[in-house]
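> Sharing a model that was predicted from the sequence below.
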Amino acid sequence: MKRENRSLKLKAPRGTRDLLPEDMYLLRYIEDKLRGVFERFGYAEVQTPIFELFELFALRSGDEIRNSMFVFETGEGEMALRPELTAPICRLVAEGKIDVMTKPIKLYYIGRAFRYEEPQAGRYREFWQAGIELIGPRHPEADAEVVSLACISLEELDLKYNLELGDVAVLRGYMTSKGVDYEVQNKVLSALDHLRSRLRKLEVYSELLLKENDAHLLSEVKRFLYPIELRKRRLRAKVEENIPKELIERLEPDSRIYKLEELRVDEVREILKRNTEDLKLMEIISWCYEGLRTSMGTLKLPPDVGFKLLEALKLKSIRAHEVLEDAKEVFKESEEALREIERLNELIEYLDDLNVKGYVLDLGLARGLEYYTGIVFEIHVMGLGAQSQVCGGGRYDRLIAEFGGPDIPSVGFAFGLDRLMLALKMKEIYPKPSVPMVYVAPISDDLRGAALKIAAMLRNAGIACEVELMRRRIRRALSFANKRGFPFVILIAPREYQSGSVIIKDMMRGTQELVSIKDVTDYLRSRK
Ligand code: AMP
């Protein structure tokens, strides 16, 4: 049979990475630090399966979630690689595997998650998460403790961060008082999250343009603006019944976006600013006049509710008390919202007690996942580009009950460890694996057995060492030792070995000493 001369060129699948020794070292370092903090707060580790019934994730987020997950068919039903670990933990509690009578239940996890997303820097299809779930308490002091735990974890890793805190209960409270169905609320909140991330993108572009006005950036801006422009044109062409004309007329198409490179920076920035307003308006049109798709069909939000929610996007500042004062004014007609604002006031006090400072309170913050019912928060580390969010969390009081368990409130968060690794690697100094203390090299081939014996003796004494295994000549062995950075080299020379001694070279100082074999371990220990 003719053999095919075809060399295999296999690569790791897109969106996955091989973690090399340096990466693994850093990952374990981060894990150890986080474990330490989590356990100091009384959390205990659990592990759940890498795959779950697809239903578990679809139950809350609907079947559309299928497109963003790895789903596969088995003889026993449809399975999915877990995209996050909160749902599995709530599932395990709902199954009754933990005694829910003794509350609070404090669990933590460290494991891989999988999402079928478009990969980019800091966003992978297989990634690591570490997080906690505090199950039982529903009060603001529990929320405050969870937020401070996330902050302390980052401080332990010596990372600078920005905390953004929001609370979907205020928006939910307002919508409830306006008779908006819970499922529609979910859709609005996830649309709001999507809108916020697009608005943020416009802001980022505007800032970047001041620094690097290059063709690459402009073409990215164009790509972002095209669909918005297209939508504006479509809406204007729509002779549609119920969308008020004056709203549509506020959306002015602008053909300058097709030739951004001919414009001045300030003109481009002005276009971006204009599109910020247009994007918000289009969102209102979408919610209130086109409707939101729900399991009960397409439902429309009353326009006054839609506009009010957009006002919430402005309730954002580092001066938390002021935000709450403004929020009271915006939502003054909703008792439910006002009650939640009162609770937030309490939370802010507790955060102060825990010394959590410098955060931005943002009542327009609604995280993508629909299961949040109270506080939500995100933590960003600067310098990570578009994927700067290293932690996300919040309160989800209904999840366990929705999985068929008891009605227990919960709050939790997850860190993205891959992004924490990237953040640490940006620092000048970050933890790296160390080279064993000693390298044992025989001067001649007949002393290879002696080298193995000396190495065994050191390892028995707990001293990390390597033996020359490539049968290098001594000069090459020494230059290898130098390159790898072993602090000490033990040279085994025939005459010295026969008289019970070896030569220990201190590679940093460039000195060497004759040491009796029986004293070698003590000698090295004293130099550790
Ligand atoms: P989430 O479960 O979406 O709240 O995500 C929690 C954290 O996991 C985020 O703050 C990110 O740091 C991290 N994360 C989420 N998705 C990815 C991804 N595709 N690649 C890397 N990290 C991710």
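Done, it's in. Source: prediction; values computed, not measured.
> And stretch 316-336, end to end?
End-to-end distance of stretch 316-336: 20 Å, with C-alpha to C-alpha, to the nearest Å as the criterion.
> outside of it, which residues touch it?
The contact list for stretch 316-336, computed with C-beta atoms under 8 Å, 6 or more residues apart in numbering, reads 170, 173-174, 176-178, 308, 311-312, 314-315, 337-338, 341, 344-345, 348, 358-365. All C-beta atoms are positioned from the backbone trio N, CA, C, and that covers glycine.
> same thing but at 7 Å, please
170, 173-174, 176-177, 308, 311-312, 315, 337-338, 341, 344-345, 348, 358, 360-364 (C-beta atoms under 7 Å, 6 or more residues apart in numbering).
> Buried subset of the residues you listed as a PyMOL selection?
To isolate the buried members of those in PyMOL, using 16 or more other C-beta atoms under 10 Å:
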select buried, resi 170+173+174+176+177+308+312+315+337+338+341+344+345+348+360+361+362+363+364
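> how far away is the residue in the stretch 151-300 of the chain that the ligand sits nearest to from E220?
For the stretch 151-300 of the chain and the ligand, the shortest gap (C-beta to the nearest ligand atom) falls at D193, measuring 10.4 Å. Per C-beta to C-beta, to the nearest Å, D193 is found 22 Å from E220.
> Pick out whichever of these two has more residues nearby.
Neighbours were counted for D193 and for E220 using other C-beta atoms under 10 Å; D193 has more, 21 against 14.
> On the three-state scheme, the more buried one is what?
helix (DSSP: H, G, I helix; E, B strand; the rest coil).
> Helix or strand for C151, just tell me which one.
Using DSSP states H and E, C151 sits within helix 140-156.
> by contact count, what packs against that helix?
helix 21-40, strand 126-135, helix 335-353, strand 375-380, strand 389-395, strand 410-416 (3 or more C-beta pairs under 7 Å, 6 or more residues apart in numbering; DSSP states H and E).
> do that again at 10 Å, thanks
On a contact count with 3 or more C-beta pairs under 10 Å, 6 or more residues apart in numbering; DSSP states H and E, helix 140-156 meets helix 21-40, strand 126-135, strand 162-167, helix 335-353, strand 375-380, strand 389-395, strand 410-416, helix 417-425.
> Could you export the ones you listed to JSON lines, including columns for mean pLDDT?
Converted to JSON lines, those look like this (pLDDT from 0 to 100):
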{"stretch": "helix 21-40", "mean pLDDT": "98"}
{"stretch": "strand 126-135", "mean pLDDT": "98"}
{"stretch": "strand 162-167", "mean pLDDT": "97"}
{"stretch": "helix 335-353", "mean pLDDT": "97"}
{"stretch": "strand 375-380", "mean pLDDT": "96"}
{"stretch": "strand 389-395", "mean pLDDT": "96"}
{"stretch": "strand 410-416", "mean pLDDT": "98"}
{"stretch": "helix 417-425", "mean pLDDT": "97"}
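> For L189, find the nearest of these.
strand 375-380 (9.2 Å; C-beta to C-beta).
> Tell me which strands that closest one pairs with, and in which orientation.
Strand pairing for strand 375-380, using DSSP bridges, gives strand 162-167 (antiparallel), strand 389-395 (antiparallel).
> Minimum distance to L279: which of those strands has it?
Nearest to L279 among the strands paired with strand 375-380 is strand 162-167 (19.4 Å), distances taken as C-beta to C-beta.
> Helix or strand: which one has R236?
For R236, the element it lies in under DSSP H and E is helix 215-237.
> number of nearby residues for the residue in the stretch 1-150 of the chain that the ligand sits nearest to?
Per C-beta to the nearest ligand atom, F127 is where the stretch 1-150 of the chain lies closest to the ligand, at 3.6 Å. Here the number of neighbours of F127 (other C-beta under 10 Å) works out to 19.
> so how many other residues sit close to the closest residue to it other than its chain neighbours?
Nearest residue to F127, sequence neighbours excluded (C-beta to C-beta, 6 or more residues apart in numbering): D418, at 4.8 Å. Per other C-beta under 10 Å, the neighbour tally for D418 reads 22.
> which residues does D418 contact?
Shown in contact with D418 (C-beta atoms under 10 Å, 6 or more residues apart in numbering): 17, 19, 23, 27, 30, 122-124, 126-129, 387, 390.
> Within range of the ligand, give me the residues from the stretch 401-528 of the chain.
Proximity of the stretch 401-528 of the chain to the ligand, by C-beta under 6 Å from any ligand atom, involves residues A414, G416, D418, R419.
> farthest pair in these?
A414 and D418 (12.1 Å).
> got any residues that touch both of the two?
Common neighbours of A414 and D418 (C-beta under 10 Å, 6+ apart) are W128, Q129, V390.
> Which one of those sits in the busiest neighbourhood?
Within the shared contacts of A414 and D418, most neighbours by other C-beta under 10 Å means V390, with 26 neighbours.
> so that one makes contact with C151?
No - shown here, V390 and C151 do not form a contact pair, counting by C-beta atoms under 10 Å, at 11.5 Å.
> hey, what's in contact with both of these two?
Common neighbours of V390 and C151 (C-beta under 10 Å, 6+ apart) are Y161, I379.
> I figured L478 was touching I503, is that so?
No - in this structure, L478 is not within contact of I503 by C-beta under 10 Å, at 11.4 Å.
> Next, show the common contact partners of these two.
With C-beta under 10 Å, 6+ apart as the test, L478 and I503 both reach A441, V489, L491.
> tell me the centre residue of the chain?
In the chain, the centroid-proximal residue (C-alpha atoms, centre = their mean) is G416; its distance is 3.0 Å.
> Quick check: that one touching A113?
Yes - judged on C-beta under 10 Å, G416 makes contact with A113 at a distance of 8.8 Å.
> what touches both of these two?
Overlap of the contact sets of G416 and A113 (by C-beta under 10 Å, 6+ apart) consists of Y124, F127, W128, Q129, G131.
> count of neighbours near the first one?
In this case it means Y124. 21.
> Give me the phi and psi angles of it.
Dihedral pair for Y124: phi -120, psi 170, per degrees, to the nearest 10.
> same question, K300
Phi and psi for K300, reported as degrees, to the nearest 10, are phi -100, psi 150.
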